[in-house]
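model this:
(2 chains)
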Number of protein chains: 2
Amino acid sequence: MKLSELFTKTRKEIPGDEEARNAQLLIKAGFIYKEMAGVYAYLPLGLKVIENIKQIIREEMNSLGGQELIMTSLQRKELWEKTDRWDDHKVDIWFKSKLKNGTDVGLGWSHEEQITEMMKNYISSYRDLPVYVYQFQAKMRNEIRSKSGIMRGREFLMKDMYSYTTSDTAHEKFYNLTTEAYKRIFERVGLGKLTYLTFASGGDFTQFSHEFQTITDAGEDVIYLDKDKKMAVNQEVLTKEVLDQLGLKRDKLEEIKAAEVGNIFSFGTAKSEQLGLYFDDEAGHSRPVILGSYGIGVSRLMGVIAECYADDKGLVWPQSVTPAQIYLIRLGDGGAVVKSADELYKRLTDAEIAVLYDDRDVRAGEKFADADLIGIPYRIVVSDKTTGTKQYELKPRISDKTSLLNYNQIIKILTDK
Amino acid sequence: MKLSELFTKTRKEIPGDEEARNAQLLIKAGFIYKEMAGVYAYLPLGLKVIENIKQIIREEMNSLGGQELIMTSLQRKELWEKTDRWDDHKVDIWFKSKLKNGTDVGLGWSHEEQITEMMKNYISSYRDLPVYVYQFQAKMRNEIRSKSGIMRGREFLMKDMYSYTTSDTAHEKFYNLTTEAYKRIFERVGLGKLTYLTFASGGDFTQFSHEFQTITDAGEDVIYLDKDKKMAVNQEVLTKEVLDQLGLKRDKLEEIKAAEVGNIFSFGTAKSEQLGLYFDDEAGHSRPVILGSYGIGVSRLMGVIAECYADDKGLVWPQSVTPAQIYLIRLGDGGAVVKSADELYKRLTDAEIAVLYDDRDVRAGEKFADADLIGIPYRIVVSDKTTGTKQYELKPRISDKTSLLNYNQIIKILTDK
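Numbering: from 1, shown residues only, chains lettered A, B, ... in the order given. I've put the predicted structure just below:
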């Protein structure tokens, strides 16, 4: 994409009420637009990051046998009354509205009720199980405070997966497979080394649920981490019994701020019993289906990546989620330079390498500053110095080292990663 | 995808209140799930159709220079007050809710206010124009009645594009280019011959707006159509003056039911003036930006395709939007048949042909009936009759003629279309 055609521009001013570093940088760089606290639109560059993250998650969910669908935001009150989660005193983040005839409706903040109710149409026998379904859905959560940029949205994109299985064994097996898939996801988006499986309180069904917590000062959570053992516990389960059970020692735990990027949770048979999702087992006995729930906050994940990698010059995108592989700068507007830069842009684009081509007639300093702010992994400069040499100046975003390389050398660097 | 693994199943029963043929068929075939009137979830097969339609639209919008983004559902009251469209007496389809602090918010039923307000950050000079942006966004419309299945949703997927230009000439040129792109879209999704450009009332800025109306008994509109001239007018502009102007004769017009699948509309400078979106022209004069709006109801389009092509046996998908190219039936469970069908499934899948493989242990009649109901364009049968022959039985969904063909002949038929 040519920057002269991209409608977004880098901005110096940001909304006065924006406190979060991730949103400040993303707004300045033209990735997002703030509608109100916790409510952000995703502009072309931001949408590309979101789609890249989604595709990584989609591949991993499909590899587990997950089937993608999309449920609705509008929710029926009676369903949530059955599980006692309609009342604002029970769930304090509902957005609610009314149909014209006065019927109450809610805006979905989670979807296990709706999907479980739907599954009654498709699950009646052990032969219909297991079922794993997932979606990318815009959740609405009426948070009282929303000060962490895209890391805590009132409207945000979530991947939620639900597993329906017949036995504890089958449930546990899938739960563990998902844990491994989640590790691969966080590894692939560039957060592997910063993200820890964290034990949190479970429910009636299991002692623990599990969170994936990424170490960042911008996080709203505090975890207690044993870096050697790569394990952490959430404050709510920080008891002597739990530590003994997990083989952790209190004085070896580091108290550290973190952001919850994923969570996995066993509902057991409680929801199925409340909503009436039963199956006939092999002996013909009717039994409630076991439900597991597996979430990743997609837009939060983008915010966490922004927080973890940004430096004082701007954003730094990992290659797996970046909106473009190369930020191509044309320095000067002489015929030879324009021709050389245009040719390189076409050649890279034809090779299906995504390029942000800074073909604007602005000062060199502005181009360099924008390249740093936008945070594409590699910058290439075409100038009077390079025309005629068949070489280009390549600089990684995270280094000050510039190399003069020819086209094939550049391709090799991009594809080796 | 193997049908033994797909969680949806064809259903005999449908919700008692479902009157629309499109939704009845789509629910029976497992494409959608009805949450409440006008609110439907899209299950794996349905989501594939939606994604196929989106991709066709996306390609055409990109070819116009459109840039994809995604705005938010939550809307600020003050923005819509500026254009006098907040009041329920002015716009009677709002879903509204409140933040915890009591602030009113609306759920977006359209987005020109929000996008125009945002553009104030990016447009200040003629050099910043034109800008064309589009999104695929779940709109919320609090319809009093919603009886047309996915053709009139309270929550539905829409593609909306907005154009920002400096002059009437530039606006008109883009408006006409979009008209042509829309024709290509309706042609590509299989509705070209049934869809007519229809003159409807304009606003303050232009005499007409334009609708794309597809002829179907399930439509909620009535148009007056001159089939020879491939032109129609909406009832609201059916006057002698308009007909004279367009060169149409009243007695040559056919009154016919149709569904509005697209509309394009000029806002002129009215919204920009209300919201304060101005640009400096080449002479340095401040002028309001000209706005155009271009919608396609994506989920409605899927419903219209279902209505237009379905027969008494079930759905019939055009090849461009079908969730799979082939419905592969394995008849019998003998070793040779299973091996032959499994091999063909793998070979087609490896060739990136999407196959629904009916590998279930159910009666032959059920497989044939489900193949017809689900409506994949081609059915292949592997049976004792075909094993060892290197041939397979191919039948188009819309024909009763079966052909015995080898693998290469099948590929040729699929790729020739």
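
List the buried residues of stretch A:250-268.
For stretch A:250-268, the neighbour count (16 or more other CB atoms under 10 Å in any protein chain shown) marks A:253, A:256, A:258-268 as buried. (Each C-beta comes from the backbone N, C-alpha and C, glycine too.)

can you list these in JSON lines and add distance to A:Y309 and pLDDT?
Shown next, in JSON lines, are the buried residues of stretch A:250-268 (distance: CB to CB, whole Å; pLDDT from 0 to 100):
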{"residue": "A:L253", "distance to A:Y309": "26", "pLDDT": "97"}
{"residue": "A:I256", "distance to A:Y309": "18", "pLDDT": "97"}
{"residue": "A:A258", "distance to A:Y309": "16", "pLDDT": "97"}
{"residue": "A:A259", "distance to A:Y309": "14", "pLDDT": "97"}
{"residue": "A:E260", "distance to A:Y309": "19", "pLDDT": "97"}
{"residue": "A:V261", "distance to A:Y309": "14", "pLDDT": "98"}
{"residue": "A:G262", "distance to A:Y309": "18", "pLDDT": "98"}
{"residue": "A:N263", "distance to A:Y309": "23", "pLDDT": "96"}
{"residue": "A:I264", "distance to A:Y309": "25", "pLDDT": "96"}
{"residue": "A:F265", "distance to A:Y309": "29", "pLDDT": "94"}
{"residue": "A:S266", "distance to A:Y309": "33", "pLDDT": "95"}
{"residue": "A:F267", "distance to A:Y309": "35", "pLDDT": "93"}
{"residue": "A:G268", "distance to A:Y309": "38", "pLDDT": "95"}
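
ok, of those residues, which one's closest to chain B?
Nearest to chain B, judged by CB to the nearest CB, of those is A:F267 at 17.9 Å.

for the residue nearest to that closest one when sequence neighbours are not counted, helix, strand, or coil?
With CB to CB, 6 or more residues apart in numbering or on different chains as the criterion, A:F267 has its nearest non-adjacent residue at 4.1 Å, and that residue is A:L291. Per DSSP: H, G, I helix; E, B strand; the rest coil, the local secondary structure of A:L291 is strand.

Quick one: the helices in the stretch 51-200 of chain A, in order.
A:77-82, A:112-119, A:168-188 (DSSP state H, counting those that start in this stretch).

what's in contact with the strand or helix carrying A:I413?
Using DSSP states H and E, A:I413 falls within helix A:407-416. Residues outside helix A:407-416 that contact it (CB atoms under 8 Å, 6 or more residues apart in numbering or on different chains): A:Q325, A:I326, A:L344, A:R347, A:A351, A:I353, A:Y378, A:I380, A:K390, A:Y392, A:L394, A:L405.

residues near the fifth one, how many?
Neighbours of A:A351 under the rule other CB atoms under 10 Å in any protein chain shown: 12.

Contacts only, for it.
Counted by CB under 8 Å, 6+ apart, A:A351 has contacts A:I411.

cutoff 10 Å now
A:Y407, A:I411, A:L414, A:T415 (CB atoms under 10 Å, 6 or more residues apart in numbering or on different chains).

ditto for A:L246
Residues counted as contacts of A:L246 (CB under 10 Å, 6+ apart) are A:F199, A:F208, A:D226, A:K229, A:M231, A:A232, A:V233, A:V237.

Where strands are concerned, which of these count?
A:F199, A:F208, A:D226, A:M231, A:A232, A:V233 (DSSP state E).

most neighbours, which of these?
A:A232 (27 neighbours).

Which strand residues bridge that residue?
When bridges are called by DSSP bridges, A:A232 pairs up with A:T198, A:L225.

separation between it and A:G295?
As for A:A232, its distance to A:G295 is 18 Å (criterion: CB to CB, to the nearest Å).

what does A:F212 give?
The value you get for A:F212 to A:G295, if CB to CB is used, is 10 Å.

shared neighbours of the two, anything?
By CB under 10 Å, 6+ apart, the residues touching both A:F212 and A:G295 are A:Y182, A:E260, A:V261, A:G262, A:N263, A:I264.

element containing A:T322, please.
Using DSSP H and E, no helix or strand contains A:T322.

What is the burial count for it?
With other CB under 10 Å as criterion, A:T322 counts 26.

Please state the offset of the helix holding A:I413 from the chain centre?
Helix A:407-416 sits 28 Å away from the centroid of its parent chain (CA atoms, centre = their mean, to the nearest Å).

returning to that earlier point: just the buried residues of stretch A:250-268 now: which is nearest B:F368?
Within these, the smallest distance to B:F368 is 39.1 Å, found for A:F267 (CB to CB).

wait, that closest one sits on A:T165?
No - the criterion here is CB atoms under 10 Å, and A:F267 misses it with A:T165 at 11.3 Å.

between these two, what contacts are shared?
Common neighbours of A:F267 and A:T165 (CB under 10 Å, 6+ apart) are A:H171, A:V289, A:I290, A:L291, A:G292.

Which entries within the contacts of A:A351 meet the buried criterion?
Judged by 16+ other CB under 10 Å, buried ones among these: A:L414.

Redo the contacts of A:A351 as a markdown table? Include pLDDT.
Converted to a markdown table, the contacts of A:A351 look like this (pLDDT from 0 to 100):
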| residue | pLDDT |
| --- | --- |
| A:Y407 | 96 |
| A:I411 | 95 |
| A:L414 | 91 |
| A:T415 | 86 |
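
Identify the single longest strand in chain A, thanks.
strand A:254-268.

Now find how far off-centre it is within its chain.
14 Å.
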